[in-house]
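Below: sequence and its predicted model.
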Amino acid sequence: MTLHDVNEARHHLMQTEMAYWRENNLFSGHWWFILIINLLFLVVFIMVIDRSRYTMSAFCLLLSFCLVAFVNEIGNYFGYWSYPYQFIGFLESFNAVDFMTIPVVYALTYQYFTKWKAYLIALLLVSALIGFVGMPIFVHFNFYDLHHWSPFSSFVLLFIIGVVIKSMCYFIESRDTILR
């Protein structure tokens, strides 16, 4: 197999995925749900953001979005899960029903639970709620297809991502007097 063969296969896959997205996703009920739920979470975040910690909360949201998008890329690439319905067919980071919901939940958890102990307890609850309740609901309604993944795996991964987010935000905030 040559690089040319790989590029040809990739091009064919891209064309097939875009045709599937246009014919089965775009403006479907699932597509509208993905749009509305993510916009609602973003609006809630904007409404409840702590104005005195605006920069740090916004940074936390951006960091959360990037980490969740990165993990979604990896999981999707290696076939742990897939998304039958996608918001934007050519941007993997915007494929998931949760592309903005989970980052908003992380950012609000960070905002409301500033002490590590309280944050970890809240993170355990949030990770359990998303992993054991939210994800199975989204699987049931065909927003996710799990291939080699489980709710427990999601719970663990969500918790680890949350710890990484808190650690990175804490590191940045503790060293930058402008953000305080």
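Received it, and whenever you're ready, just let me know what you need.

going forward, measure contacts between C-alpha atoms and count neighbours the same way
Will do.

Give me the contacts around the least confident helix or strand in the chain by mean pLDDT.
When the helices and strands of the chain are scored by mean pLDDT, DSSP states H and E, strand 81-82 comes last with a mean of 91. With contacts defined as C-alpha atoms under 8 Å, 6 or more residues apart in numbering, strand 81-82 is touched by 75-76, 144-149.

nearest to residue 49, of those residues?
Using C-alpha to C-alpha, the shortest approach to residue 49 within those belongs to residue 144, at 29.3 Å.

Quick one: residues contacting that closest one.
When contacts are counted by C-alpha under 8 Å, 6+ apart, residue 144 touches 81-84, 96, 135, 138.

mind listing what the residue nearest to it when sequence neighbours are not counted touches?
Distances taken as C-alpha to C-alpha, 6 or more residues apart in numbering place residue 83 nearest to residue 144, at 5.0 Å, with adjacent residues excluded. Going by C-alpha under 8 Å, 6+ apart, residue 83 touches 95-96, 143-145.

Between the residues you listed, which sits nearest residue 64?
Using C-alpha to C-alpha, these come closest to residue 64 at residue 96, 14.2 Å.

Surely that closest one is within a helix?
No - assigned with DSSP: H, G, I helix; E, B strand; the rest coil, residue 96 falls outside any helix and is coil.

So the residue nearest to residue 108 when sequence neighbours are not counted: helix, strand or coil?
Nearest residue to residue 108, sequence neighbours excluded (C-alpha to C-alpha, 6+ apart): residue 45, at 7.2 Å. Using three-state DSSP, the structure places residue 45 in helix.

where does the protein dip in pLDDT?
The model of the chain has pLDDT under 70 over residues 93, 177-180.

shouldn't residue 68 be in contact with residue 100?
No - using C-alpha atoms under 8 Å as the test, residue 68 is too far from residue 100 to be in contact (9.0 Å).

Looking at these two, which is more packed in?
Here residue 68 and residue 100 are compared on neighbour count by other C-alpha atoms under 10 Å; more neighbours surround residue 100, at 25 against 22.

For residue 79, which non-adjacent residue is spatially closest?
Counting by C-alpha to C-alpha, 6+ apart, residue 79 lies nearest to residue 147, which is 6.5 Å off, once chain neighbours are set aside.
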